[in-house]
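Participant: sequence and predicted model, in that order:
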Amino acid sequence: MKTNPIKQISLDDAIKFQFKLVDDIQSVFQGHELLEAGDYGVSLEFGRPKTTAKVEKVLAKFFNVEEAALVRGAGTGAMRLALTSILKTNDTLLVHDAPVYPTTQNIIDMMGLNITKVNFNDYTNLKTINYNNINAILIQHSRQKPDDSYDMSEVISLIKSKSNLPIITDENYTVMKVPKIGVQIGADVSVFSMFKLLGPEGIGCVVGKKDIIDKIRRINYSGGSQVQGPEAMDALRSLVYTPVSLAIQAMQVDEIVERLNKGEIRGIKKAYIANAQSRVVLVEFNEPIAEKVLRNSEEIGAVPYPVGSESRYEIGAMFYRVSGTFIKNNPEMKQYVIRINPMRAGADTVIRILKEAIKKSIS
């Protein structure tokens with residue numbers, strides 16, 4: 001197995017992200033407003049809570065884009081609104097030749113979209129495809145297959161050199177981890193879940209071009225569709241702590257892989273860093289004991305399944321099966337490979353639980 005993990009920012013850069021976000025917050029909000037919960041309702045000025053509008057202004061400033069919109073439905077809701085604002089039934093969406101993330105596939109099916117698949121790992125395909133038959137492009141920043149290697153900036157650049165079609169990037173598991181997200185390197189809009197960034201449940205975000213965000217606001221005009229002021233403030237306050245937390249998490253992933261590949265635990269063929277979907281450790285065993293290890297690790301204290309995959313509720317190291325898109329591409333992985341996300345735990349905790357779980361699985 002070969003993986004090509006996406007480069008993640010350093011702890012020093014994560015600290016800079018935090019400081020920039022706080023500076024942006026204090027350039028938009030008055031001091032007393034940072035001590036308030038936020039308002040409710042559809043204000044006459046903005047058509048949404050005033051606090052929500054200010055939070056969106058901060059996010060647009062932080063990502064250096066024209067507009068930002070907080071929406072309901074987490075990342076899935078953000079993706080649905082982005083696709084709905086750009087495409088209509090029977091339009092064709094260009095995607096990577098890989099299993100599409102299940103919730104995104106559901107949206108594609110519900111909208112009645114056609115999809116054209118091209119291998120983004122082979123840039124020749126992007127140069128030769130007939131873009132006249134395409135209406136928009138969707139790029140998932142995180143990996144969909146273990147051997148994915150494409151550089152999203154290269155993919156966007158190649159597409160933009162051949163067409164003016166709108167590009168949507170799915171930034172779940174990459175925001176506050178990578179130096180730049182899609183809209184910062186040429187995409188038209190990027191979507192992600194605030195829930196995966198320590199925020200409240202059910203809140204998503206779309207950032208990018210004003211004309212697309214304006215369409216989303218028109219679709220979302222009703223009062224019940226608005227993200228209320230207190231929710232927006234909760235999401236923003238939580239986001240401040242995200243980059244440093246995720247950088248520390250990435251450091252633990254690096255350490256775990258290094259220690260496992262030095263032979264600290266017997267029975268492991270190899271460990272890998274992979275973006276599957278979040279940045280995790282993939283542990284490949286010599287024997288088909290993956291399911292046993294998962295059962296035994298849960299008894300020892302490992303978290304067995306996600307809440308939001310990197311949500312505020314996930315503090316303990318999570319041991320779980322390889323992502324569905326990875327398994328679909330290689331079904332044998334289910335018996336030989338597990339996925340570990342340390343979350344807020346240290347490398348020592350992960351190594352201890354894994355060692356004990358493997359011992360129980362082979363005894």
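Facilitator: Now that the structure is in, tell me what you want to look at.
Participant: break down the stretch 1-150 of the chain into its strands, ranges please.
Facilitator: Ranges of strands in the stretch 1-150 of the chain, per DSSP state E, counting those that start in this stretch, are 67-72, 92-96, 114-118, 136-140.
Participant: give me the below-cutoff pLDDT ranges for the protein.
Facilitator: In the predicted model, the chain carries pLDDT under 70 at residues 325.
Participant: and the spatially most central residue of it, how close does it get to M79?
Facilitator: Geometric centre of the chain, nearest residue: N172, 1.4 Å, by Cα atoms, centre = their mean. Per Cβ to Cβ, to the nearest Å, N172 is found 9 Å from M79. For every residue, glycine as well, the C-beta is placed using N, CA and C.
Participant: can you list residues touching both of those two?
Facilitator: Residues touching both N172 and M79 by Cβ atoms under 8 Å, 6 or more residues apart in numbering: V191.
Participant: related to what we said a few turns ago, just to check, the residue nearest to the centre of the chain is in contact with Q277?
Facilitator: Yes. Using Cβ atoms under 8 Å, N172 is in contact with Q277, at 6.7 Å.
Participant: neighbours of R72, just the number please.
Facilitator: If you count neighbours by other Cβ atoms under 10 Å, R72 ends up with 16.
Participant: likewise for R295?
Facilitator: For R295, the neighbour count with other Cβ under 10 Å is 14.
Participant: same deal with the one 5 residues further on?
Facilitator: I300 is surrounded by 14 other residues when neighbours are defined as other Cβ under 10 Å.
Participant: please report how far it lies from V28.
Facilitator: Distance of I300 to V28, given as Cβ to Cβ: 46 Å.
Participant: likewise S161?
Facilitator: From S161 to V28 the distance is 36 Å (Cβ to Cβ).
Participant: which one of those two is surrounded by more residues?
Facilitator: Between S161 and V28, V28 has the larger neighbour count (other Cβ under 10 Å), namely 19 against 9.
Participant: between N172 and Q277, what contacts are shared?
Facilitator: Jointly contacting N172 and Q277 under the rule Cβ under 8 Å, 6+ apart are S142.
Participant: what's stretch 157-164 in contact with?
Facilitator: Here stretch 157-164 has contacts from 123, 126-127, 129, 131, 134, 137, 165, 167, 185-186, using Cβ under 8 Å, 6+ apart.
Participant: which ChimeraX command selects the buried ones in these?
Facilitator: Buried residues among those (16 or more other Cβ atoms under 10 Å), as a ChimeraX selection:
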select :126,129,134,137,165,167,185,186
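Participant: measure how far stretch 297-306 is from the centre of its chain, please.
Facilitator: Here the centre of stretch 297-306 is set off from its chain's centre by 22 Å, with Cα atoms, centre = their mean, to the nearest Å.
Participant: flag every buried residue along it.
Facilitator: Residues 297-298, 302-303, 306 are the ones in stretch 297-306 that count as buried (16+ other Cβ under 10 Å).
Participant: relative to K209, which of those is nearest.
Facilitator: P306 (31.6 Å; Cβ to Cβ).
Participant: how near is the closest one to L282?
Facilitator: 16 Å.
Participant: likewise for A14?
Facilitator: Counting by Cβ to Cβ, the separation of A14 from L282 is 23 Å.
Participant: check L70 too.
Facilitator: For L70, the distance to L282 equals 33 Å [Cβ to Cβ].
Participant: in the stretch 101-250 of the chain, which spans are helices?
Facilitator: 102-111, 123-128, 152-162, 210-219, 229-240, 242-261 (DSSP state H, counting those that start in this stretch).
Participant: so what secondary structure elements neighbour the first one?
Facilitator: Meaning helix 102-111. Packing partners of helix 102-111 (3 or more Cβ pairs under 8 Å, 6 or more residues apart in numbering; DSSP states H and E): helix 74-86.
Participant: may I have the helix it packs on exported as PDB, CA atoms only?
Facilitator: Extracted in PDB, the C-alpha atoms of helix 74-86 (Å, rounded to 0.1, in the frame of the first residue of the first chain):
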ATOM      1  CA  ALA A  74     -23.100  20.900   8.400                       C
ATOM      2  CA  GLY A  75     -20.700  20.000   5.500                       C
ATOM      3  CA  THR A  76     -23.400  18.100   3.600                       C
ATOM      4  CA  GLY A  77     -25.800  21.100   3.800                       C
ATOM      5  CA  ALA A  78     -23.000  23.400   2.500                       C
ATOM      6  CA  MET A  79     -22.300  21.000  -0.400                       C
ATOM      7  CA  ARG A  80     -26.000  20.800  -1.200                       C
ATOM      8  CA  LEU A  81     -26.400  24.500  -1.300                       C
ATOM      9  CA  ALA A  82     -23.200  25.100  -3.400                       C
ATOM     10  CA  LEU A  83     -24.200  22.500  -6.000                       C
ATOM     11  CA  THR A  84     -27.800  23.800  -6.100                       C
ATOM     12  CA  SER A  85     -26.700  27.300  -6.600                       C
ATOM     13  CA  ILE A  86     -24.500  26.400  -9.600                       C
END
